[in-house]
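Undergrad: can you look at this prediction? I've put the sequence above it.
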Amino acid sequence: MIRVACGAYQPYTDKDGNLWLPDEVKASGASLSPPDGMTVERAEEFEVPNVAFPQIFRTERYSMSAYEFNLPNGKYTVRLHFAECFTGITGVGQRVYSFAVQGQQPEKDFDLWKEAGGPYKAIRREYKGVAVTDGKLRITFTPYIENPAINGIEIFAE
């Protein structure tokens, strides 16, 4: 099991005792190729309700093209966590991008504000049965309006 706090520089333990690692270190059981893009750690106070791991929403990686995890071949469940926490985004249509897990089930024209119903609201996408056949799991991002952004990634062997 791997939990990544995107854009973080320090590990974080959530309310349930789960360890979230920074996205530029080797995760237990897997190595992560350092992603491209930029990171931000937000200083302002805000709440992201109804999550056991609010700290991951204080950091994000944005403007990246991909994450790549070196994993043993097999099937995985992948969870992606998002919340619009950038104060420069104030409504629908201001950040729109696409992403895909292992090239399948692409999420096209993803508008986080629209999907979540506003700022500081967590949204999760889960993909089961993700096949790794070449030792690599890839999550790719394509910008349309503004930059793609992500707060957390979880990967579980099935």
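TA: Done, it's in.
Undergrad: from now on I want contacts and neighbour counts done on CA atoms only, so please keep to that.
TA: OK.
Undergrad: so where do the helices sit in the chain?
TA: With DSSP state H as the criterion, the chain has helices at 112-116.
Undergrad: pLDDT-wise, which helix or strand of the chain ranks last?
TA: Least confident helix or strand, the chain: strand 31-33 with a mean of 58, by mean pLDDT, DSSP states H and E.
Undergrad: I'd like the distance between Ile139 and Tyr67.
TA: When distances are taken as CA to CA, to the nearest Å, Ile139 and Tyr67 turn out to be 5 Å apart.
Undergrad: same question, Glu24
TA: As judged by CA to CA, Glu24 and Tyr67 stand 10 Å apart.
Undergrad: wait, Tyr120 touches Glu84, no?
TA: Yes - counting by CA atoms under 8 Å, Glu84 is a contact partner of Tyr120 at 5.6 Å.
Undergrad: more neighbours, the two?
TA: For the pair Tyr120 and Glu84, the greater number of neighbours falls to Glu84 (28 against 20), based on other CA atoms under 10 Å.
Undergrad: which residues touch that one?
TA: Contact analysis of Glu84 by CA atoms under 8 Å, 6 or more residues apart in numbering lists Leu112, Trp113, Gly118, Pro119, Tyr120, Lys121, Ala122.
Undergrad: pull the number of nearby residues for Arg125.
TA: Other residues within reach of Arg125, judged by other CA under 10 Å, total 11.
Undergrad: pLDDT score for it?
TA: Reported pLDDT at Arg125 in the predicted model: 96.
Undergrad: quick check: bridge partners of it?
TA: For Arg125, the beta-bridge partners under DSSP bridges are Leu80.
Undergrad: that one touches Phe99, doesn't it?
TA: No - counting by CA under 8 Å, Arg125 sits too far from Phe99 to count as a contact (10.7 Å).
Undergrad: ok, now how distant is the closest residue to Ala157 other than its chain neighbours from Gly117?
TA: Closest residue in space to Ala157, ignoring its immediate chain neighbours: Tyr76 at 4.5 Å, by CA to CA, 6 or more residues apart in numbering. From Tyr76 over to Gly117 the distance is 29 Å, taken as CA to CA.
Undergrad: quick one: contacts for Ile139?
TA: Taking CA under 8 Å, 6+ apart, we find Ile139 in contact with Ala66, Tyr67, Glu68, Phe99, Ala100, Val101, Gln102, Gly103.
Undergrad: meant to ask about Asp134, not that
TA: By CA under 8 Å, 6+ apart, Asp134 lies in contact with Asn73.
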